[in-house]
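> Have a look; sequence and predicted model below, questions after that.
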Amino acid sequence: MKDRHFISTAVPMSDRARPRMKSTGLLASLCFAIASLCLGLSAMMAGAAAQDAREIAPTGVLRVAVAVGPAASAFWTTRDPATGKPVGVTVELAKAAAGKLNVPLELVEYQSSDEIAAAGSKGAWDLSFMPADRKREQFVDQGPAYVAYMSGYLIRANSDITAVADIDRPGIRVGCIEGTSTSRTVEASMKSASVTKFIKPEEAAELIGQGRLDALAMGMEALEELSRRLSGSRVLKEVIQSTGVVVVVPKGKVTAREWAARFLADAKANGTVRRVLDQSGFVTAKVAP
């Protein structure tokens with residue numbers, strides 16, 4: 001049998017592996033580039049967050065001003081009976097803001113929105129929430145609203161008042177809280193009734209419970225809670241003022257104002273505002289658009 005000679009057409013192992021090795025090298029380079037990009041973006045985001053924290057909370061702690069009163073609303077906080085600390089919607093929003101900045105939270109307590117606004121000009125706080133009001137624009141920059149805020153009247157037990165029109169009469173004693181936009185509305189509308197402005201909301205609540213005030217003007221949500229606690233009292237259905245509760249920063253803090261507006265927009269979009277309203281019992285309150 002004659003020898004047969006075969007010409008091998010097989011590609012050497014090194015030549016077969018070379019394209020695969022080349023592809024593997026390209027993939028590894030691509031993965032490395034993506035990883036580097038992600039690390040770079042993470043570093044940039046961390047740097048931006050740190051810059052935000054320095055701008056919004058220059059002391060290293062986010063100081064949020066809250067108003068403490070006798071009854072809760074989407075604006076007013078109350079005291080936890082067990083701890084004595086403020087609790088409520090604005091406290092929960094404050095926690096969310098501090099968490100986003102990754103800094104500790106400090107609550108700074110006040111008795112009215114005007115008191116909060118005036119303290120902002122002295123650098124006493126970094127962020128707050130309050131009913132929108134033009135008078136306060138000299139002290140604070142107002143951002144977007146997170147909920148509507150309506151004010152009305154709580155009527156003492158055994159009163160003959162059945163409508164807002166019945167209130168402005170001689171001998172009728174009306175109470176409101178000093179330093180609130182509601183108090184300015186009440187003062188402007190009363191011609192015959194006597195109006196007393198209280199620095200401490202708790203004092204006004206106590207007096208109407210004792211029958212020493214005929215009507216008390218505050219936010220509707222707070223009045224509804226007071227009415228449940230004060231036997232025989234009732235809230236008139238008529239709204240005397242409607243505005244939005246907005247996020248605010250001290251006047252002239254441009255970066256803080258822009259950050260606060262973004263924070264609140266995100267909190268409305270991701271359900272944070274809805275959650276804290278529901279947790280605080282305000283399930284029928286509508287989140288502002």
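On my side now, so go ahead. Numbering: from 1, shown residues only.

> Could you pull up the contacting residues of residue 186?
Neighbour list for residue 186: 174, 176, 195, 217, 240 [criterion: CB atoms under 8 Å, 6 or more residues apart in numbering]. C-beta here means a position set from N, CA and C on the backbone, and glycine is covered the same way.

> scratch that, residue 229 is what I was asking about
Here residue 229 is in contact with 71, 209 (CB under 8 Å, 6+ apart).

> Now do the phi/psi pair for it.
Backbone torsions of residue 229, given as degrees, to the nearest 10, read phi -90, psi -20.

> ok, now residue 250?
phi -60, psi 150.

> Taking the contacts of residue 186, tell me the two that lie furthest apart.
Farthest pair in these (CB to CB) is 195 and 240. Separation: 12.9 Å.

> Would you mind putting the contacts of residue 186 into TSV with pLDDT, distance to residue 80 and secondary structure alongside?
Converted to TSV, the contacts of residue 186 look like this (pLDDT from 0 to 100; distance: CB to CB, whole Å; DSSP: H, G, I helix; E, B strand; the rest coil):
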residue	pLDDT	distance to residue 80	secondary structure
174	98	31	strand
176	97	26	strand
195	98	32	strand
217	98	26	strand
240	97	30	coil
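
> need the residues you listed in a markdown table with neighbour count and distance to residue 253, can you?
Below are these laid out as a markdown table (neighbours: other CB atoms under 10 Å; distance: CB to CB, whole Å):
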| residue | neighbour count | distance to residue 253 |
| --- | --- | --- |
| 174 | 22 | 37 |
| 176 | 26 | 30 |
| 195 | 17 | 35 |
| 217 | 27 | 32 |
| 240 | 17 | 32 |
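
> any idea which of those residues is closest to residue 280?
residue 217 (21.8 Å).

> Packing partners of the longest strand anywhere in the chain?
In the chain, assigned by DSSP state E, the strand with the most residues is strand 140-155. Counting contacts by 3 or more CB pairs under 8 Å, 6 or more residues apart in numbering; DSSP states H and E, strand 140-155 packs against strand 127-131, helix 181-189, strand 215-219, helix 220-229, strand 234-235, strand 241-250, helix 254-269, helix 272-279.

> what angle do that strand and strand 127-131 make?
Counting by axes from the mean of the first three to the mean of the last three CA atoms, to 10 degrees, strand 140-155 points 40 degrees away from the direction of strand 127-131.
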